[in-house]
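J.: Kindly return the folded structure for what I paste below:
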Amino acid sequence: MALLVGFAGCNSEVFVKPLKISATQVELDEETKDVSLTVSGGEWELYSVYSEDIDLLRGDWSYKYYDENGKGLSDYELGGANLKSYTFIYIYKGSGIEFWVTRRPWCEGLDISLKRYDYYKPVNLMVIVGNDYNSASVNVTLK
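T.: Model prediction:
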């Protein structure tokens, strides 16, 4: 009986690699407007963008999938598509702030870009990526 437990414990399919982002904290401002991060540990999706400093639901936010030529895909075109092969961009515009969070195709990386910042104080965000098994986050300060 102990032998069977030992074999089951060595099954590599059972082990789940933790997701890790190449930085846990980044700061974007007039000088540093863009950051590219790597995410290791397997496939992942952009789960959430969260802030206690601003109400992200009060601004205009949108998301869209883009093909390798930069063409935005309609909901109809997305039906049945392998979404991992497309670029996914989350865009927030509001309160004098515009930022983009991009998941590159095939989970190649995560890009965060500050497009406009006219807010009166620094804003902290948390960008969360994840899969069926775990998640990882990066704290972003916009100034």
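J.: any idea how far the residue nearest to Ser135 when sequence neighbours are not counted is from Asp29?
T.: Leaving aside its chain neighbours, Ser135 sits nearest to Ile128 (5.6 Å; criterion: Cβ to Cβ, 6 or more residues apart in numbering). The C-beta positions use only the backbone N, C-alpha and C, and glycine is treated the same way. Ile128 is 22 Å from Asp29, where distance means Cβ to Cβ, to the nearest Å.
J.: okay, those two: which has more neighbours?
T.: Set Ile128 next to Asp29 and count neighbours by other Cβ atoms under 10 Å: Ile128 wins out with 18 against 12.
J.: one step back: does the residue nearest to Ser135 sit in a helix, a strand or a coil?
T.: When classified by DSSP: H, G, I helix; E, B strand; the rest coil, Ile128 comes out as strand.
J.: Could you do Glu77 as well?
T.: Three-state call for Glu77 (three-state DSSP): helix.
J.: from here on, count from 838
T.: With the count now opening at 838, the last piece we talked about shows up as Glu914.
J.: Show me which helix or strand of the protein is least confident by mean pLDDT.
T.: Ranking every helix and strand in the chain by mean pLDDT, DSSP states H and E puts helix 839-846 at the bottom, with a mean of 43.
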